[in-house]
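Chemist: pasting a predicted model and its sequence here:
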Amino acid sequence: MANETLEDLLIEEAKVVFKYLVKMGASKEDAEDIIQDTLFKTIENIDGIDENKIRAWLFKVAINRYYNLYKKNKRVSPIATEKVEELVEPLKGPEEQYMTQEKVKGIYLVLEQLKPAYRNLIIFKYLMELSYKEIASIMELNEEKVKVYLYRARNKFKEIWEGQQFE
């Protein structure tokens, strides 16, 4: 792989990882720091990374750094609520806007209750709009397993949602 091609690939993949970190709730500054550290570690270890698995490598390192940062700082990492709002159909009028905000809060609370693997799958699929193939590549799973795990994640989301009182 030529250096220019590698550099372009890393930049493009880093942009995707950056967006993911922000959607997970990292501040832009934290996401930038995490990406910088991740790229540095990637370049350090580039000889040992399969070029077909660079995206998965970047995601794993970035996610680990993200969790370490928030554990170290003992901060809860809120999911970016402005993106969650896109899941709820925009409504008109103050009463309907209030109800929409309440639904967004409910979605946010349910996502926070999911185990990280399920939360990541839902974010990859519905907030980042990645294909099953892209998710499989990131998580180093086959597409069928991604579909099964996403099915379970949706069911767990639904179970928690139906058990909550959001109205």
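Modeler: Looks like it arrived, so ask away. Residues are numbered from 1 along each chain as shown.
Chemist: break the chain down into its domains, please.
Modeler: Residue ranges for the domains of the chain, per automatic domain parsing: 3-72, 81-163.
Chemist: quick one: the helix or strand harbouring Lys19 to chain centroid distance?
Modeler: Following DSSP states H and E, one finds Lys19 within helix 3-24. Centre-to-centre, helix 3-24 and its host chain are 14 Å apart (C-alpha atoms, centre = their mean, to the nearest Å).
Chemist: that older thread, how about the domains of the chain in TSV, adding mean pLDDT and mean neighbour count?
Modeler: (C-beta placed from N, C-alpha, C; glycine too.) Output for those, formatted as TSV (pLDDT from 0 to 100; neighbours: other C-beta atoms under 10 Å):
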stretch	mean pLDDT	mean neighbour count
domain 3-72	85	16
domain 81-163	79	15
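Chemist: quick revisit: which other helices and strands does the helix or strand immediately after the helix holding Lys19 in the chain contact?
Modeler: Following helix 3-24 in sequence order, the next helix or strand is helix 28-44 (DSSP H and E). Packed against helix 28-44 by the contact rule (3 or more C-beta pairs under 8 Å, 6 or more residues apart in numbering; DSSP states H and E) you find helix 3-24, helix 54-72.
Chemist: how about these in CSV, adding distance to Gln36?
Modeler: As requested, the helices and strands packed on helix 28-44 are arranged in CSV below (distance: least, C-beta to C-beta, whole Å):
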stretch, distance to Gln36
helix 3-24, 9
helix 54-72, 10
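Chemist: wait, which of the ones you listed is closest to Ile34?
Modeler: Shortest distance between Ile34 and those, using C-beta to C-beta, is found for helix 54-72: 4.7 Å.
Chemist: residues in contact with the helix holding Lys19?
Modeler: The contact list for helix 3-24, computed with C-beta atoms under 8 Å, 6 or more residues apart in numbering, reads 1, 28, 30-32, 34-35, 38-39, 42-43, 46, 54-55, 58-59, 62, 66, 77, 79-80, 83, 123-124, 127-128.
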